[in-house]
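Visitor: The sequence and its predicted three-dimensional model are supplied below.
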Amino acid sequence: MRRLAAILIASLLLPLVSPSGSAHAQSPRIPDARVQWIDRDTLAWPGDLGTPDHPHHLVHDGGTLTLTRRPGGLTPAQRERYPHLAAAGYDAFTVDARGRERDILRGAVTAEADGVVTGVQIPGVLDDLYAGAAAGRRLGPDFEHGRPTLSVWAPTARTVALEIDGRAVPMRRDDASGVWSVTGPRAWQGKSYRYAVTVWVPSVGQVVTNRVTDPYSTALTTDSERSVVTDLADPALAPPGWRGLRKPKAVPLRDAQIQELHIRDFSVVDRTSAHPGQYLAFTDQGSAGMRHLKRLAEAGTSYVHLLPAFDFATVPERRADQAVPPCDLAALPADSDRQQECVGRTAARDAYNWGYDPLHYTVPEGSYASEPDGPGRTVEFRRMVQGLAGAGLRTVMDVVYNHTAASGQDPKSVLDRVVPGYYHRLLADGGVATSSCCANTAPEHAMMGRLVVDSVVTWAKQYKVDGFRFDLMGHHPKANILAVRRALDALTPQKDGVDGKAVLLYGEGWNFGEVADDARFVQATQRNMAGTGIATFSDRARDAVRGGGPFDADPRLQGFASGLFTDPNEAAQGTPDEQRARLLHAQDLIKVGLSGNLAGYRFTDSTGRAVRGADVDYNGAPAGYAAAPGDALAYVDAHDNETLYDALAYKLPRSTSAADRARMQVLAMATATLSQGPALSQAGTDLLRSKSLDRNSFDSGDWFNAIHWDCADGNGFGRGLPPARDNAAKWSYARALLAEPALRPGCSAVEAASAAYRDLLRIRATEPVFSHVSAEAVQRDLSFPLSGEGETAGVITMRAGSLVVVFNATPRRRDQRVGGLAGSRYGLHEVQARGADPVAKSASYDVSSGTFSVPGRTVAVFRQEG
């Protein structure tokens with residue numbers, strides 16, 4: 001046994017690397033890590049690794065431990081906590097480390113059976129040993145009487161030193177919690193620092209000294225090279241009026257009307273902004289962009305949802321370092337591929353990225369600040385929040401805790417260089433899962449889950465952020481998101497300066513990847529979050545309205561608002577009867593969406609069947625999944641996939657006029673705006689915003705992404721073929737469209753669409769029938785009186801309390817006779833009757849027959865009179 005241990009340790013243990021980072025010696029790297037140490041007593045062992053009744057060993061720096069196979073395998077509690085291991089048939093082996101677990105885990109650990117050696121995954125045992133005690137320890141910079149204490153959780157580290165002010169200060173380890181800390185003088189405030197973490201790194205098979213920033217950083221130097229000792233409660237970081245900032249009245253999630261906005265898109269080409277591309281652009285109250293946001297707020301928009309504004313990895317923060325495309329892009333033809341080629345040359349070094357590549361979760365991104373070095377970005381972020389509040393809007397942050405920009409020893413990896421192998425979700429072979437796109441984090445691990453909660457609370461308390469949109473929320477445990485909710489609910493105006501119960505939470509509840517179908521934990525997915533008061537994006541009505549789906553090879557597939565059956569394009573979409581059947585099913589999906597996507601909402605579908613929302617099919621899944629209004633968030637476009645205008649450019653017949661395209665745009669937006677529950681719209685959609693058909697513009701630069709507030713500058717359509725990276729397969733469809741002048745709308749179409757949308761917002765904001773609290777109230781007041789076998793294809797008639805709403809997506813005027821209303825008096829809603837849309841004003845009602853007559857491509861809202 002000692003010989004076995006000696007051989008394995010000799011092959012795996014390396015000398016400490018030098019301060020420069022180069023190793024004194026090299027040894028073989030562990031190829032995988034298939035055994036999992038899930039608590040202090042148990043190793044979960046894959047059934048195909050060694051013969052079960054042969055000796056199994058845990059090998060560490062100090063020797064070898066012989067394991068005992070546990071009859072019956074994993075305990076019921078372990079099976080519940082690790083369902084994926086139970087499903088895969090893992091055996092359970094008991095380990096008796098005699099209290100030496102903490103020491104063992106600070107060195108190389110491997111497992112062996114039948115001469116086969118593999119690495120060991122350790123997150124479970126780290127949680128068992130340390131998480132309880134660590135829960136009560138503050139991390140990052142913490143101040144008492146002006147003196148900072150810096151703390152970092154690094155339970156597997158051999159040593160940790162604080163590099164500050166030109167010297168290395170040893171930190172003290174608390175054995176119970178695994179937290180290393182040091183208290184310094186007041187003079188440390190404002191100083192830059194790093195941690196020097198000496199730790200065994202399984203991925204490289206050696207002991208390394210990682211010089212790394214603080215995972216709990218509150219401020220950073222330029223390009224995130226070092227953390228900065230910063231007290232966010234320092235009055236010097238509070239702009240005038242911050243402490244007493246008065247926000248617009250909080251709107252319940254079920255009533256939220258949200259504009260999704262990228263900080264740089266908002267102002268970078270706005271000639272009226274004094275701070276293009278910066279946080280401070282939101283303080284330019286007279287700029288075109290801010291004037292437009294104020295108009296939307298006056299109409300009923302309540303929140304601005306900012307795409308990632310935390311510190312991300314992919315943009316140089318010094319303006320002098322930001323590359324600019326070296327071409328005269330404006331001089332190139334509308335259907336050329338040269339714009340995207342030129343933008344692509346500098347994409348990795350320019351000032352643009354959506355920001356879904358987190359580096360530090362709780363520090364504002366530096367590239368949006370006028371001065372990225374130090375805590376100045378904190379002041380400017382706060383001024384942005386003030387500016388939005390002054391425009392009548394609350395602030396939502398897009399947060400991306402489900403992955404990091406990098407893992408392992410990558411220079412852009414922070415968490416994994418502090419506690420290697422802990423913060424990321426590992427697959428069965430020990431590799432990092434990447435289903436999110438990047439290195440997936442593991443919020444099911446206690447300290448990653450805690451980081452999520454702590455970070456959100458900091459943004460809410462210190463930056464007065466009013467809501468959070470969780471990227472890929474389905475990759476989080478439901479329990480983690482509920483823990484966020486509880487932590488926010490505990491914040492009070494008296495104690496914390498904010499009312500945490502008013503903070504909104506919503507996210508992407510998609511179900512995919514290694515966690516799909518609750519494989520590892522109960523996920524925060526659409527179905528599972530129903531009834532929690534935390535909303536998930538609903539893709540059901542989105543696809544029915546737009547047509548097709550986000551990943552169609554042919555982008556011309558039509559839907560309710562893009563002409564399916566009623567105004568077909570040249571694409572092969574089946575016979576007229578098949579198209580009609582698909583359209584009527586799309587209308588059923590939209591009806592479910594208008595109910596708030598309620599699972600139990602009862603209505604008659606287009607075939608004449610009595611159904612509930614959950615009975616309506618959406619690609620093999622129930623369309624309705626919500627338990628109450630506010631569980632589902634309605635939208636027809638967002639930053640992902642083509643803008644609504646671009647989707648309609650593909651789908652509507654080429655001959656469709658600019659005015660009619662604008663009308664279909666408004667009709668599509670109305671299906672979200674006039675639904676029960678919250679609705680989101682991508683900023684600029686009411687202005688017919690285009691990204692020149694780019695379906696994934698995350699790195700497509702200002703050229704394809706910027707919002708053009710001045711309609712004289714165009715809407716963004718015809719700025720060249722979209723980047724080949726994600727769009728080349730659709731160039732054959734895109735080229736002719738981009739060359740078509742008629743698809744570049746003029747000011748009349750843009751202004752008409754925006755004004756008509758604002759009229760609908762006013763109706764949504766002022767009519768209580770759109771703001772029901774319960775599913776029972778929705779069932780009582782919402783109906784579709786003409787739904788059934790005789791339903792008009794392309795028209796949805798909705799009765800909502802004293803209102804009747806007719807969505808006529810066909811090209812022609814349609815009469816909708818609701819016999820049960822004959823003799824009741826209705827008139828066009830006063831907002832539309834006095835509103836901006838002359839076509840909508842021609843909608844009429846015949847009292848004797850109960851017939852509503854609505855022009856083509858029009859949404860008309862009628863109110864009962866008398």
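Guide: Everything's here; your move. Since the model is a prediction, treat every value here as computed from it, not as a measurement.

Visitor: Show the average pLDDT along stretch 503-517.
Guide: Rounded to a whole number, the mean pLDDT of stretch 503-517 is 98.

Visitor: can I have that stretch written out in PDB, keeping just the CAs?
Guide: Presented in PDB, the C-alpha positions along stretch 503-517 are these (Å, rounded to 0.1, in the frame of the first residue of the first chain):
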ATOM      1  CA  VAL A 503     -37.300  44.600  -6.400                       C
ATOM      2  CA  LEU A 504     -38.300  42.600  -9.500                       C
ATOM      3  CA  LEU A 505     -36.900  39.200 -10.400                       C
ATOM      4  CA  TYR A 506     -37.300  37.500 -13.800                       C
ATOM      5  CA  GLY A 507     -35.200  35.400 -16.100                       C
ATOM      6  CA  GLU A 508     -34.700  32.900 -18.800                       C
ATOM      7  CA  GLY A 509     -36.300  29.600 -17.600                       C
ATOM      8  CA  TRP A 510     -35.000  27.500 -20.500                       C
ATOM      9  CA  ASN A 511     -34.500  23.800 -19.800                       C
ATOM     10  CA  PHE A 512     -31.400  22.400 -21.500                       C
ATOM     11  CA  GLY A 513     -27.900  21.200 -21.000                       C
ATOM     12  CA  GLU A 514     -26.500  18.900 -18.300                       C
ATOM     13  CA  VAL A 515     -29.000  20.200 -15.800                       C
ATOM     14  CA  ALA A 516     -32.100  19.600 -18.100                       C
ATOM     15  CA  ASP A 517     -35.200  18.000 -16.600                       C
END
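
Visitor: Pull out the buried positions in it.
Guide: 503-511, 513-515 (16 or more other Cβ atoms under 10 Å). No exception for glycine: its C-beta is placed from N, CA and C like everyone else's.

Visitor: now do stretch 842-853
Guide: Quick answer for stretch 842-853 (16+ other Cβ under 10 Å): 843-845, 850-853.

Visitor: Pull the most distant pair out of these.
Guide: A843 and G850 (14.6 Å; Cβ to Cβ).

Visitor: Burial check on K495, number of neighbours?
Guide: By other Cβ atoms under 10 Å, 10 other residues sit near K495.

Visitor: Other residues contacting whichever strand or helix holds it?
Guide: Applying DSSP states H and E as the criterion places K495 in helix 493-496. Residues from elsewhere that reach helix 493-496 (Cβ atoms under 8 Å, 6 or more residues apart in numbering): 461, 499.

Visitor: can you tell me the average pLDDT over stretch 178-187?
Guide: pLDDT averaged over stretch 178-187 gives 98.

Visitor: Name the residues of that stretch that come out as buried.
Guide: 178-182, 184.

Visitor: Put the alpha carbons of it into CSV.
Guide: Output of stretch 178-187 as CSV, limited to C-alpha atoms (Å, rounded to 0.1, in the frame of the first residue of the first chain):
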residue,chain,number,x,y,z
GLY,A,178,-11.6,28.2,5.0
VAL,A,179,-11.6,32.0,5.0
TRP,A,180,-8.3,33.8,4.9
SER,A,181,-8.3,37.4,6.2
VAL,A,182,-6.2,40.4,7.2
THR,A,183,-7.0,43.7,8.7
GLY,A,184,-5.1,46.8,7.6
PRO,A,185,-4.8,50.5,8.4
ARG,A,186,-7.1,53.2,7.1
ALA,A,187,-4.3,54.1,4.6
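
Visitor: hmm, back to that, take the buried residues of stretch 503-517 and lay them out in TSV including secondary structure.
Guide: Shown next, in TSV, are these (DSSP: H, G, I helix; E, B strand; the rest coil):
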residue	secondary structure
V503	coil
L504	strand
L505	strand
Y506	strand
G507	strand
E508	coil
G509	coil
W510	coil
N511	coil
G513	helix
E514	helix
V515	helix
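
Visitor: partners of the longest strand along the chain in the sheet?
Guide: The longest strand of the chain (DSSP state E) is strand 192-201. Strand pairing for strand 192-201, using DSSP bridges, gives strand 157-164 (antiparallel), strand 206-212 (antiparallel), strand 227-228 (antiparallel).
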